[in-house]
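Undergrad: here is a sequence with its predicted model. Questions after.
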Amino acid sequence: GDGSASAPGGGGGGALYFAQPPPMHVKRYSAVLTSRPPAPVREGAVVVVMPRTSPPTFVVITGGDAAHAFSGHNGLLRALVLLLLHAYKRGGGSLGLVRLGAASVALDSIFNTPGKLL
């Protein structure tokens, strides 16, 4: 296979890739990689990378190569929350081609709260 969990080019957040970046023609995607992708991350895409294991560091890279690094024992949780927030705000509630609401992940009840989250 090509490393994707679903066919590229669908609605919502696009395809979901593990361990390897998507082909260059794929514009919208989510990926969990072991190193930074070779090309800039496109608008609408999100990548989670673990560049170091000691101390554990997780980096969330969004379109335009904006990088958010989280270190320490809670770094993974913080990176995953940012990944879910990206899916909610930019991916229409989808991570890859999976609608998180259909997977019993109620993002509205988490992120649609009074006041400002970030």
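TA: Nice, I can see it. Since the model is a prediction, treat every value here as computed from it, not as a measurement.
Undergrad: quick one: low-confidence ranges for this protein?
TA: 1-13, 113-118 (pLDDT under 70).
Undergrad: what's the single longest helix in it?
TA: Criterion DSSP state H: the longest helix present in the chain is helix 75-89.
Undergrad: pull the CA atoms of it into PDB?
TA: Coordinates of each C-alpha in helix 75-89 appear next as PDB, following Å, rounded to 0.1, in the frame of the first residue of the first chain:
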ATOM      1  CA  GLY A  75       3.600  16.300  25.100                       C
ATOM      2  CA  LEU A  76       1.700  13.500  23.300                       C
ATOM      3  CA  LEU A  77      -1.700  14.400  24.800                       C
ATOM      4  CA  ARG A  78      -1.200  18.100  24.000                       C
ATOM      5  CA  ALA A  79      -0.200  17.200  20.400                       C
ATOM      6  CA  LEU A  80      -3.300  15.000  20.000                       C
ATOM      7  CA  VAL A  81      -5.600  17.700  21.300                       C
ATOM      8  CA  LEU A  82      -4.100  20.100  18.800                       C
ATOM      9  CA  LEU A  83      -4.600  17.500  16.100                       C
ATOM     10  CA  LEU A  84      -8.300  17.100  17.100                       C
ATOM     11  CA  LEU A  85      -8.700  20.900  17.200                       C
ATOM     12  CA  HIS A  86      -7.300  21.100  13.700                       C
ATOM     13  CA  ALA A  87      -9.800  18.400  12.600                       C
ATOM     14  CA  TYR A  88     -12.600  20.300  14.200                       C
ATOM     15  CA  LYS A  89     -11.800  23.800  12.900                       C
END
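Undergrad: buried ones in that helix?
TA: 75, 78-79, 81-88 (16 or more other CB atoms under 10 Å). The way it works is simple: take the backbone N, C-alpha and C, and place the C-beta from them, glycine included.
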